[in-house]
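Trainee: Structure, please.
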Amino acid sequence: MRDFISARVKDIPPSALKDFFDILATMDDVISLGIGEPDFVTPTTIRQAGIRSVEQGQTGYTCNAGMRELRQEVTRHLEKLYGVSYDPETEVLITVGVSEALYLALLAVVNPGDEVIVPEPCFVAYKAGVILAGGVPVIVSAKLEDDFQITADQIEAAITERTRALLIGYPNNPTGAVMSRQRLEEIADLADRRDLIVISDEIYDRLVYGVEHTCFPCLPGMWERTILLQGFSKSYAMTGWRIGYAAAPAQVLEAMHRMHQYLIMSAPTPAQVAAIEALRNGEEAVQEMVAQYDKRRRFSVKGLNEIGLPCFEPHGAFYAFPSIHRSGMTSDEFSKGLLKEEKVAVIPGNAFGHCGEGFIRCSYVASLEDIEEALERMGRFVRRHG
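Mentor: Predicted coordinates:
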């Protein structure tokens with residue numbers, strides 16, 4: 001029998017997280033600093049809105065692009081926060097999480113063989129998404145000495161005649177880095193000069209601490225060449241609702257919509273109703289969660305530095321990215337050893353790209369009590385292994 005698996009799928013590297021989570025699933029009493037999911041439940045008024053929609057029989061399909069009411073709320077939200085304007089009828093698409101939006105964006109703009117510049121460390125789906133779209137991911141490594149902020153010079157050095165797009169994600173998973181406005185302006189100037197389209201994943205935009213997030217399409221000349229990816233999972237603790245959106249110029253958005261209409265009839269109706277409530281009345285809950293994350297962030301970074309795992313200060317998302325170089329172990333060895341010996345789950349940094357080797361990702365979505373206990377166990381592990 002022939003091998004029926006496509007070459008494109010074979011080209012996708014296996015997730016570095018799979019073996020790790022297979023081990024984790026067999027263990028009890030583990031303190032997890034691994035998962036990138038808020039430990040808060042969806043705020044009450046948002047949950048109630050979704051429940052009411054089901055009780056009232058709103059269980060059918062919506063408009064393929066998403067409820068008009070939700071698209072209108074999205075445009076008001078972006079205008080209010082960042083002063084960036086979109087037409088809710090032609091420039092906003094409601095998707096099944098940001099994952100769908102990411103894949104649609106890549107399919108819409110990437111031709112077979114096109115190169116897409118992907119700064120690492122990054123979310124694990126970026127490279128795979130480029131490959132599935134028929135493109136070639138070109139990796140540019142962010143550096144610790146730059147606080148894991150990619151630079152325009154690094155990007156320009158990676159551009160070839162086949163380069164078509166730049167895929168960036170800030171605030172960053174896994175490092176917690178936030179790009180300064182100056183560096184983003186330099187990248188914007190480069191994108192304009194070299195005629196690149198930019199896919200900007202800003203799912204963590206509301207989770208910033210002591211700094212300001214810059215929305216990429218609000219930079220001069222960037223609205224026309226940016227696909228903005230956003231959603232509700234992180235800021236509103238709505239991961240399981242699977243609701244996100246893309247905003248882009250009409251021509252690009254139409255191309256994404258054309259594929260969405262065949263792949264997805266519509267995003268889940270109760271989730272769309274809940275998202276409307278989130279945008280209208282969820283701000284207080286967002287601020288409360290951000291305040292809690294900030295406490296955990298400062299506690300985690302201080303604790304990691306004290307136990308001998310040097311950690312730069314993350315200003316976004318809910319991750320710390322400490323160095324484990326002093327241990328002499330690889331990221332995989334450290335993470336698996338810590339899990340087996342002390343029952344603390346962290347993610348090896350190389351899961352997010354080769355330049356993540358020598359680091360681990362620690363999520364601070366756990367309670368302060370669990371973080372404190374995890375740090376004590378990690379301290380024992382570090383002392384035991386020199």
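
Trainee: Can you tell me the element E254 falls in?
Mentor: Take DSSP states H and E as the rule and E254 turns out to sit in helix 250-263.

Trainee: Give the next helix or strand downstream of that helix.
Mentor: Scanning forward in sequence from helix 250-263 by DSSP H and E, the next helix or strand is helix 269-281.

Trainee: quick one: buried residues of the helix or strand just after that following helix?
Mentor: Downstream of helix 269-281, the next assigned helix or strand under DSSP H and E is helix 283-306. Burial within helix 283-306, assessed by neighbour count using 16 or more other C-beta atoms under 10 Å, is assigned to 285-286, 289-290, 292-294, 296-297, 300-301, 303-304. For glycine as for every other residue, the C-beta is placed from the backbone atoms N, C-alpha and C.

Trainee: now helix 283-306 and helix 269-281, what's the angle there?
Mentor: 90 degrees (axes from the mean of the first three to the mean of the last three C-alpha atoms, to 10 degrees).

Trainee: follow-up on the earlier one: turn the buried residues of helix 283-306 into TSV, including distance to R194 and pLDDT.
Mentor: Converted to TSV, the buried residues of helix 283-306 look like this (distance: C-beta to C-beta, whole Å; pLDDT from 0 to 100):
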residue	distance to R194	pLDDT
A285	41	97
V286	36	98
M289	38	97
V290	36	97
Q292	41	97
Y293	36	97
D294	37	98
R296	40	97
R297	36	98
S300	39	98
V301	36	98
G303	43	98
L304	38	98
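
Trainee: could those go into TSV alongside distance to L338?
Mentor: TSV is the format used below for these (distance: C-beta to C-beta, whole Å):
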residue	distance to L338
A285	33
V286	32
M289	27
V290	28
Q292	25
Y293	23
D294	25
R296	19
R297	20
S300	15
V301	18
G303	15
L304	13
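
Trainee: Tell me the one of these nearest F21?
Mentor: When the buried residues of helix 283-306 are compared for distance to F21 (C-beta to C-beta), S300 comes out closest, at 21.5 Å.

Trainee: Distance of the closest one relative to E333?
Mentor: In this view, S300 and E333 are 22 Å apart by C-beta to C-beta, to the nearest Å.

Trainee: so what's G135 up against?
Mentor: 106, 110-116, 164-165 (C-beta atoms under 8 Å, 6 or more residues apart in numbering).

Trainee: Which of the residues you listed fall in helices?
Mentor: L106 (DSSP state H).

Trainee: Quick check on the contacts of G135: which are buried?
Mentor: Using 16+ other C-beta under 10 Å, the buried ones in these are 106, 110, 114-116, 164-165.

Trainee: the domain parsing of the chain - what is it?
Mentor: For the chain, automatic domain parsing gives the domain ranges 7-42+284-381, 60-282.

Trainee: do you know which of the ones you listed lies nearest I51?
Mentor: Short answer: domain 60-282, nearest of the domains of the chain by C-beta to C-beta, at 7.7 Å.

Trainee: where along the stretch 1-150 of the chain do the helices fall?
Mentor: For the stretch 1-150 of the chain, applying DSSP state H, counting those that start in this stretch gives helices covering 7-10, 18-24, 44-55, 68-82, 97-109, 125-132.

Trainee: most neighbours per residue, which of those helices?
Mentor: Of all the helices of the stretch 1-150 of the chain, helix 97-109 has the most neighbours on average by mean count of other C-beta atoms under 10 Å, namely a mean of 24.

Trainee: so how far is that one off the chain centroid?
Mentor: For helix 97-109, the separation from the chain centroid amounts to 13 Å (computed by C-alpha atoms, centre = their mean, to the nearest Å).

Trainee: Ok, stretch 60-76 next?
Mentor: Centre-to-centre, stretch 60-76 and its host chain are 23 Å apart (C-alpha atoms, centre = their mean).

Trainee: so for that stretch, what's the average pLDDT?
Mentor: The average pLDDT within stretch 60-76 is 97.

Trainee: send the alpha carbons of it over as PDB?
Mentor: C-alpha atoms of stretch 60-76 as PDB (Å, rounded to 0.1, in the frame of the first residue of the first chain):
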ATOM      1  CA  GLY A  60     -28.100  27.600  15.700                       C
ATOM      2  CA  TYR A  61     -25.600  29.000  13.300                       C
ATOM      3  CA  THR A  62     -24.900  32.700  13.200                       C
ATOM      4  CA  CYS A  63     -23.700  34.700  10.200                       C
ATOM      5  CA  ASN A  64     -20.600  33.000   8.700                       C
ATOM      6  CA  ALA A  65     -18.400  36.000   9.600                       C
ATOM      7  CA  GLY A  66     -19.800  36.100  13.100                       C
ATOM      8  CA  MET A  67     -22.600  38.000  14.700                       C
ATOM      9  CA  ARG A  68     -22.800  41.600  13.400                       C
ATOM     10  CA  GLU A  69     -23.300  42.800  17.000                       C
ATOM     11  CA  LEU A  70     -20.000  41.100  18.100                       C
ATOM     12  CA  ARG A  71     -18.100  42.500  15.100                       C
ATOM     13  CA  GLN A  72     -19.400  45.900  15.900                       C
ATOM     14  CA  GLU A  73     -18.200  45.600  19.600                       C
ATOM     15  CA  VAL A  74     -14.800  44.400  18.400                       C
ATOM     16  CA  THR A  75     -14.400  47.500  16.200                       C
ATOM     17  CA  ARG A  76     -15.500  49.800  19.100                       C
END
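
Trainee: Cheers, nothing more for now.
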